[in-house]
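*Asks:* Pasting the sequence and the predicted model now:
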Amino acid sequence: MKMKLTKKYVDDLAWSSLIYPKDEFDLALTLRSGQSFRWLKYDDGSTTTTTDTADQWIGVVENDVWILRQNRGVLQYKIINDNNINNYIINNKFDNISNNDSPIHKNPNMASSDSSQDSKIRNYFHLDLSLLELHKQFTEKDKDFLTRFPSSKSVRLLRQNPVEVLFSFICSTNNNIRRICNMVECMCRLFGAVIVQIDGKAYHKFPTVSSLAETSVEAELKKSGFGYRAKFINETAKKLLKEHENNNNNNDDNNNNNINNVDDNNIDDSADGRCERYLFGLRNGKYDDAKKILLQYPGIGPKVADCICLMSLDQLNAVPVDTHVRQVAEKIYNFKMEAKSLTTNSYDKISTFFQSLWGRYAGWAQSIAFSGQLNLDANTTTSSVALLKVARNKRKRKK
Ligand SMILES: Nc1nc2[nH]c(O)nc2c(=O)[nH]1
């Protein structure tokens, strides 16, 4: 039985704060920019409309549940996991220590902050890189960059767990963001361990590679509407697991220089741990090598490989290309396509075009452009739906 909390308990936890100007970091925009699929609006039940009630977001990152909000220039967070909740309980001498059936609802009213938690947040949002500095670099190379993407210029690139990004982006093929979110949530519900329940809602970890490699997984995912992606997820998990079931595998060579990687401190020496450590290890190598390795797994084509490289493997010059990015290339940068459809050749040409234009952090610039184009497409779709409705109503009135 996992820990059960009431929403009141969570709402009463004190916030920890990090100071960031809005230009450096737009939280809502970043969480909705299609890089991670596990963030939901969290309602704190408050009825007042002061700045204290800025939108809150809840999501699972690794083994924790995070609640985030941004008030003016301050990024605030609460991190919930077995460890810190047990600490609050011990510090406050509560008798209902976790794992029983009654939800914890007393108010610990303690800041959930410590430097290791701050560093998790800094790591996830690449906070050691200044976005305002990057804006300067992009503008030196592409002078109208900021005016081309005014509404999305404060999107931050996320630095996520590679196992999660790999399997989430296999779901992203020929898919829209809402449906990817539903699939990822479904995969976590079916195969991920529960971290905590809040008012009866369970929050699950992302599934381990071995849980996705079980033979029943393909059928279960198919039943849940994953289509051809079900086979890819199951086969990629099986392949990864097979490659790392013994700890003397040559593929693990690139992890020898991975000792300083803060992210893998908690990874054990199980086969799952070795798969994860292997993927984290790709952060230390070259972009071309990481991409070539990823392309060997079922369901991973150039776009998915580039997303994994960019959002989890520190390959910040990777520029994923899809229909949105192609539109940016053609409509905003006058890029001339040779073929109507996106071939491997045109994919590479567009990707290389943006890499030479935007430079070392071209992938971050891509995320800003991608998010701008997403918003534009959403608005276009909504406004064209609205125009259609107006036209239909006019016709009805005429009749
Ligand atoms: N920043 C980006 N986010 C994405 N989500 C998704 O499905 N594709 C992309 C992408 O190319 N860039």
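*Replies:* Sure, I can see it.
*Asks:* The ligand contacts on the stretch 51-200 of the chain?
*Replies:* Contact residues, the stretch 51-200 of the chain versus the ligand (Cβ under 6 Å from any ligand atom): residue 172. Just so you know, the C-beta spots here come from the backbone N, C-alpha and C atoms, and that holds for glycine as well.
*Asks:* mind redoing it with 8 Å?
*Replies:* Residues of the stretch 51-200 of the chain lying close to the ligand by Cβ under 8 Å from any ligand atom are 155, 157, 169, 172, 175, 177, 180.
*Asks:* Give the ChimeraX command for selecting the buried subset of those.
*Replies:* In ChimeraX, a selection of the buried entries from those looks like this (16 or more other Cβ atoms under 10 Å):
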select :155,157,169,172,175,180
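*Asks:* Compile the residues of the stretch 51-200 of the chain next to the ligand into JSON lines and extend it with columns for pLDDT and secondary structure.
*Replies:* Formatted as JSON lines, these follow (pLDDT from 0 to 100; DSSP: H, G, I helix; E, B strand; the rest coil):
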{"residue": "155", "pLDDT": "97", "secondary structure": "coil"}
{"residue": "157", "pLDDT": "98", "secondary structure": "coil"}
{"residue": "169", "pLDDT": "98", "secondary structure": "helix"}
{"residue": "172", "pLDDT": "96", "secondary structure": "coil"}
{"residue": "175", "pLDDT": "94", "secondary structure": "coil"}
{"residue": "177", "pLDDT": "94", "secondary structure": "helix"}
{"residue": "180", "pLDDT": "97", "secondary structure": "helix"}
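*Asks:* Let's have the residues of the stretch 51-200 of the chain next to the ligand in TSV, adding distance to residue 215.
*Replies:* As requested, those are exported to TSV (distance: Cβ to Cβ, whole Å):
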residue	distance to residue 215
155	40
157	36
169	23
172	24
175	25
177	30
180	25
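*Asks:* Without its sequence neighbours, what residue ends up closest to the one residue in the stretch 51-200 of the chain that gets nearest to the ligand?
*Replies:* Residue of the stretch 51-200 of the chain nearest the ligand, by Cβ to the nearest ligand atom: residue 172 (4.3 Å). Distance criterion Cβ to Cβ, 6 or more residues apart in numbering; nearest residue to residue 172, sequence neighbours excluded, is residue 180 at 5.0 Å.
*Asks:* Against residue 35, how distant is the one you found?
*Replies:* Distance, residue 180 to residue 35, using Cβ to Cβ, to the nearest Å: 11 Å.
*Asks:* cool, residue 29 as well?
*Replies:* In terms of Cβ to Cβ, residue 29 sits 11 Å off from residue 35.
*Asks:* who in the stretch 201-350 of the chain is up against the ligand?
*Replies:* Checking the stretch 201-350 of the chain against the ligand by Cβ under 8 Å from any ligand atom, the hits are 303, 306, 307, 310, 311, 320, 321, 322, 324, 325.
*Asks:* go again using 6 Å as the cut-off
*Replies:* So the stretch 201-350 of the chain meets the ligand at 307, 320, 322 (Cβ under 6 Å from any ligand atom).
*Asks:* surely residue 120 meets residue 81?
*Replies:* No - look at residue 120 against residue 81 with Cβ atoms under 8 Å: they stay out of range, at 10.3 Å.
*Asks:* Overlap in contacts, these two.
*Replies:* residue 64 (Cβ atoms under 8 Å, 6 or more residues apart in numbering).
*Asks:* quick one: contacts for the nearest residue to residue 354 once chain neighbours are set aside?
*Replies:* Sequence neighbours aside, residue 319 is the residue nearest to residue 354 in space, at 4.6 Å (criterion: Cβ to Cβ, 6+ apart). By Cβ under 8 Å, 6+ apart, residue 319 lies in contact with 306, 310, 325, 350, 351, 354, 355, 358, 362, 363, 366.
*Asks:* Can you show me the strands along the stretch 51-200 of the chain?
*Replies:* Using DSSP state E, counting those that start in this stretch, the strands of the stretch 51-200 of the chain run over 56-61, 64-71, 74-80, 194-198.
*Asks:* can I get the ones you listed in CSV with distance to residue 269 and mean neighbour count?
*Replies:* Formatted as CSV, the strands of the stretch 51-200 of the chain follow (distance: least, Cβ to Cβ, whole Å; neighbours: other Cβ atoms under 10 Å):
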stretch, distance to residue 269, mean neighbour count
strand 56-61, 23, 21
strand 64-71, 22, 21
strand 74-80, 26, 21
strand 194-198, 22, 19
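*Asks:* Among those, which comes closest to residue 18?
*Replies:* strand 74-80 (4.7 Å; Cβ to Cβ).
*Asks:* Pretty sure residue 336 sits in a strand.
*Replies:* No - per DSSP: H, G, I helix; E, B strand; the rest coil, residue 336 lies outside any strand segment and is coil.
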